[in-house]
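Chemist: Using only what follows, build the 3D model:
(3 chains)
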Amino acid sequence: MGELKLMKGNEVIAHAAMRCGCDGYFGYPITPQSEVMETLMLKKPWETTGMVVLQAESEVASINMVYAGASCGKKVMTSSSSPGVSLMQEGITYIAGAELPCLLVNVVRGGPGLGTIQPAQSDYYQTCKGGGHGDYNLIVLAPASVQEMNDFVDLGFELAFKYRNPAMILSDGAIGQMMEKVELSDFKPRWTDEEIQKISGSWATTGKTADREQHIITSLELDSESMEKINHRIQAKYRKMEEEEVRYEEIQCEDAEYIFVAYGSSSRICQKSIEIARAKGIKVGLLRPITLFPYPTKAIAKLAERVKGMLSVEMSAGQMVDDVRLAVNGKIPVEHFGRLGGIIPTPDEIVEALEQKIIGGK
Amino acid sequence: MADIDIIKDENIVYKKSKVLTDNVMHYCPGCSHGVVHKLIAEVIEEMGIQDKTIGVSPVGCSVFAYNYLDIDWQEAAHGRAPALATATKRLMPDKYVFTYQGDGDLASIGAAEIIHACNRGENITVIFINNGIYGMTGGQMAPTTLVGMKTATTPYGRDVELNGYPLKMTELVAQLPGTCYVTRQSVHTPATVRKCKKAIRKAFENQDKKIGTSFVEVTSTCNSGWKIPPVEANNWMVDHMFKFYKQGDLKDSEKDNPDDYKKFIE
Amino acid sequence: MAKVKGTIVVDKEKCKGCGLCVVACPQDVIELAKEVNGKGYNFAYMAKPDLCIGCANCAQVCPDSIITVYQTKI
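Modeler: Next up is the predicted model:
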């Protein structure tokens, strides 16, 4: 049993980083996630675990620091919120293109533009459908609790190194700011130089010794034939992730006639909506994607064989609903419900939307 | 004809550094990049730090620097090399970390990254190639382009009203408390090549002393961009670039003492 | 004073004929050839080999690091 604490989601990200053997955090302050770096600076892990923590001059710099740290085979991460993550997109596509492992955290706030500092889920497109240029995907983990903020740091690093691909925790301002009971992970030591050689020694820039060729971290390849091959190799990783890494949770789906599809904060509210709906005699369940990439397409398609309709509940104008519709492929009605601009929908609003858009809409 | 009696290994007084690869450089004939690459390679070889050196290459003509120096490299996004070098040095303090950047990369799109890396006093070496033009993209105006100089995007010559003033990055970073060694060199004659090599060596050795950022500008030519043949380009550089970009050391000390800055809140 | 004799070997196929070595040579040893190499460049060669003192100036300014310099006392 790990250490039990009452903590904010953002603080937990910092504690989980120190405890999972993270080598470096590079960040820039932005609401509503500034507690991540504040906690790290308070805890001074450079004096205990040896972890480097640096406040960069911008998100542009911090993501490029992550790019370099990842190039060295180190476990490095950054965190930010929506406008900051927009600035990071250049670095993220370079990291994906150079096939480097790292952990990114987006504590989403409402947009577009400078938007609001209140929670939103309107960065789904940016996170799951590109964000930066070129054909790439992030491994995307969507925590729905402070506990998962802890758990997904270690899991994110594990998957990132397994596939040499950046992983992102797509959280939101509600989960970042809320305090909950959390069981913190046990401390793991940082990798030694020998362990890094074992894990990433075939590619990391740790200094060209006489016994090996030089290592070059780059996403540049001017020869189109070669660049296509690189793309195919990267795509093959994504197909493998789709086979092996899909994570989701089904709640009261066994007898359900209708399904909410929701991740993160919205999925928590949907659980209350299920109670309200079932009290009214509406049999509804919840499919909560935990990985947004790879997406639980097959699980949704399977449910579409036997339920009457699905409502994608997101704090956005309807982004993930595209993936639900693609999975359902026209078999049953799929609609979206969400509030915008940093407003969290109430459980009653969600039930009402189900009744109007799905049940009444037949 | 070479004298075959002299051509013996024991008579070699100068040959290509072992830290240079056998790849033929893609640079235009007479390009200063090749000379600076060679000097860095020679310094790495002479210091015996090939296995401890990490280079960060930029975007621009020298994007492929990693093809020519046989060390580990990270290829940065345009302008971001100092951010990469910062993280690499902090995560692996026993390595020698340098950025190699052109004037478009360092002085324009990467102005923020270089200023903050220098201001933090990162124990890294910055090699800054300033030829007053964007070479790779076909000779457009750089922040360093001289007033009146014709480029693809200043076809009537750089006009201050339209384009602002040429930017002296080297003078700028010399003012920052985090830099320890800031110098402006060139590689257009045998003597300046030798002097520039000493500067690069010192800039690498400073990493052992942990005394701040070392910054070496190499005022350079771009024959293709300037549309002047190599030998004449060197002369043009001396006659025009050197008048604005004064050669020599701007700073040789160590980063400011942190204690001098504490009194302001005491 | 001991006299020295030098010579250089230019990797002529890698030479780009920039001519920087020609002006760097204090003895006016080097010229660009009338003929061209496989890349079409007028490559550098020792036009007056007897005058070479092996000072290595040419090799130091060569951007392509394709000149090897030899020197011996005579």
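
Chemist: What are the boundaries of the strands in chain B?
Modeler: Along chain B, counting by DSSP state E, strands occupy B:12-14, B:53-57, B:72-75, B:96-102, B:125-130, B:133-134, B:140-141, B:179-186, B:213-219, B:248-252.

Chemist: Of those, give the one that comes closest to A:V182.
Modeler: Ranking these by proximity to A:V182 (Cβ to Cβ) places strand B:72-75 first, at 35.9 Å. Where you see a C-beta, it was placed from the backbone N, CA and C, and this is true even at glycine.

Chemist: Am I right that A:H133 is in contact with A:T93?
Modeler: Yes - when contacts are counted by Cβ atoms under 8 Å, A:H133 is listed as touching A:T93 (5.6 Å).

Chemist: hmm, back to that, how about the strands of chain B in CSV, adding mean neighbour count, mean pLDDT and distance to chain A?
Modeler: Converted to CSV, the strands of chain B look like this (neighbours: other Cβ atoms under 10 Å in any protein chain shown; pLDDT from 0 to 100; distance: least, Cβ to the nearest Cβ, whole Å):
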stretch, mean neighbour count, mean pLDDT, distance to chain A
strand B:12-14, 18, 97, 22
strand B:53-57, 27, 98, 5
strand B:72-75, 27, 98, 4
strand B:96-102, 29, 98, 9
strand B:125-130, 28, 98, 15
strand B:133-134, 27, 96, 17
strand B:140-141, 20, 97, 20
strand B:179-186, 25, 98, 16
strand B:213-219, 28, 98, 14
strand B:248-252, 15, 98, 22
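
Chemist: Grab the longest helix from chain B for me.
Modeler: Using DSSP state H, we find that the single longest helix of chain B is helix B:190-209.

Chemist: and the angle from that helix to strand B:96-102?
Modeler: 140 degrees (axes from the mean of the first three to the mean of the last three Cα atoms, to 10 degrees).

Chemist: hmm, helix B:190-209 in reach of chain A?
Modeler: No - under the criterion of Cβ under 8 Å from any Cβ of the partner chain, chain A is not reached by helix B:190-209; the shortest gap measures 13.5 Å.

Chemist: quick one: average pLDDT of that helix?
Modeler: Per-residue pLDDT over helix B:190-209 has a mean of 98.

Chemist: residues contacting B:V218?
Modeler: B:V218 sits next to B:S32, B:V36, B:I127, B:F128, B:I129, B:N130, B:R184, B:Q185, B:S186, B:V187, B:C196 when contact means Cβ atoms under 8 Å, 6 or more residues apart in numbering or on different chains.

Chemist: mind listing the helices for the stretch 201-350 of chain A?
Modeler: Using DSSP state H, counting those that start in this stretch, the helices found in the stretch 201-350 of chain A span residues A:224-244, A:264-279, A:297-304, A:321-328, A:347-353.

Chemist: Give me the residues contacting the second one.
Modeler: The set of residues external to helix A:264-279 that reach it, using Cβ under 8 Å, 6+ apart, is A:119, A:121, A:142-145, A:170-172, A:174-175, A:251-252, A:258, A:260, A:262, A:283-286, A:288, A:313-315, A:338, A:344-348, A:350-351, A:354.

Chemist: Narrow these to those that are buried.
Modeler: In the contacts of helix A:264-279, burial by neighbour count holds for A:119, A:121, A:142-145, A:170-172, A:174-175, A:251-252, A:258, A:260, A:262, A:283-286, A:288, A:313-315, A:338, A:344-345, A:347, A:350-351, A:354, counting by 16 or more other Cβ atoms under 10 Å in any protein chain shown.

Chemist: Quickly note the distance from the residue in the stretch 251-362 of chain A that chain C sits nearest to to A:Q118.
Modeler: Closest approach between the stretch 251-362 of chain A and chain C, counting by Cβ to the nearest Cβ: A:F293, at 46.7 Å. Look at A:F293 and A:Q118: by Cβ to Cβ, to the nearest Å, they are 25 Å apart.

Chemist: Who has more neighbours out of these two?
Modeler: A:F293 (23 against 18; other Cβ atoms under 10 Å in any protein chain shown).

Chemist: What are the neighbouring residues in contact with the closest residue in space to the more buried one that isn't next to it in sequence?
Modeler: Excluding the flanking residues, the one nearest A:F293 by Cβ to Cβ, 6 or more residues apart in numbering or on different chains is A:V140, at 4.4 Å. Neighbour list for A:V140: A:T127, A:C128, A:A167, A:M168, A:L170, A:T291, A:L292, A:F293 [criterion: Cβ under 8 Å, 6+ apart].
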